[in-house]
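Asker: Got a sequence here, can you build the structure:
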Amino acid sequence: GIYKPFRRYTGSPAASQLAVFVASGLFHEWLVHACFLYKRPGVDTSRVLLWSNTAFFVWNFGVVMCERLVVGTRLVRFLSSITPRAVVPLVIVMCERLV
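Answerer: Numbers count the residues shown, from 1 in each chain. Predicted structure coming up:
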């Protein structure tokens, strides 16, 4: 694992979580390139976006940190108390489509 050793070394949960997201992104970069693109006939590797997987995981780290900042606010608690549970997945999907 990455989280616990990094947490012991830095003492920071946020830095440890960032290390986990970056490691996961790098693993997915390797997985895509080594397993799916390496020496495959007919695959145009010039169109592959390098670091796109790592950027995706770092972006998700930022989203998780933002979520932690706003989850306990009065506005979010109020909205969660009046919003029907069936509506929440629809709002999440709609927000993802905006990004």
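Asker: Please spell out which residue in the chain sits farthest from the middle.
Answerer: Distance from the C-alpha centroid of the chain, by Cα atoms, centre = their mean, peaks at Pro41 (31.5 Å).
Asker: Mind checking what secondary structure that one has?
Answerer: coil (DSSP: H, G, I helix; E, B strand; the rest coil).
Asker: Check Leu50 too.
Answerer: Assigned state for Leu50: coil (three-state reduction, three-state DSSP).
Asker: need the contact list for it.
Answerer: Glu29 (Cβ atoms under 8 Å, 6 or more residues apart in numbering). Heads up, the C-betas are built off the backbone N, CA and C, glycines and all.
Asker: for Ala14, same thing?
Answerer: Contacts of Ala14 by Cβ under 8 Å, 6+ apart are Met65.
Asker: Please identify the helix or strand for it.
Answerer: Assessed by DSSP states H and E, Ala14 sits inside helix 13-30.
Asker: Next secondary structure element downstream of that helix?
Answerer: helix 52-70.
Asker: what does the next helix or strand after that following helix rub up against?
Answerer: Per DSSP H and E, the first helix or strand lying C-terminal to helix 52-70 is helix 74-82. By Cβ under 8 Å, 6+ apart, the residues outside helix 74-82 that reach it are Val70.
Asker: buried sites along helix 74-82?
Answerer: Residues of helix 74-82 classed as buried by neighbour count (16 or more other Cβ atoms under 10 Å): none.
Asker: can you state the direction angle for that helix and helix 52-70?
Answerer: 90 degrees (axes from the mean of the first three to the mean of the last three Cα atoms, to 10 degrees).
Asker: so what's Phe36 up against?
Answerer: Val43.
Asker: switch to 6 Å and redo it
Answerer: By Cβ atoms under 6 Å, 6 or more residues apart in numbering, the contact set of Phe36 is empty.
Asker: how close does it get to Phe27?
Answerer: To Phe27, Phe36 is 14 Å away according to Cβ to Cβ, to the nearest Å.
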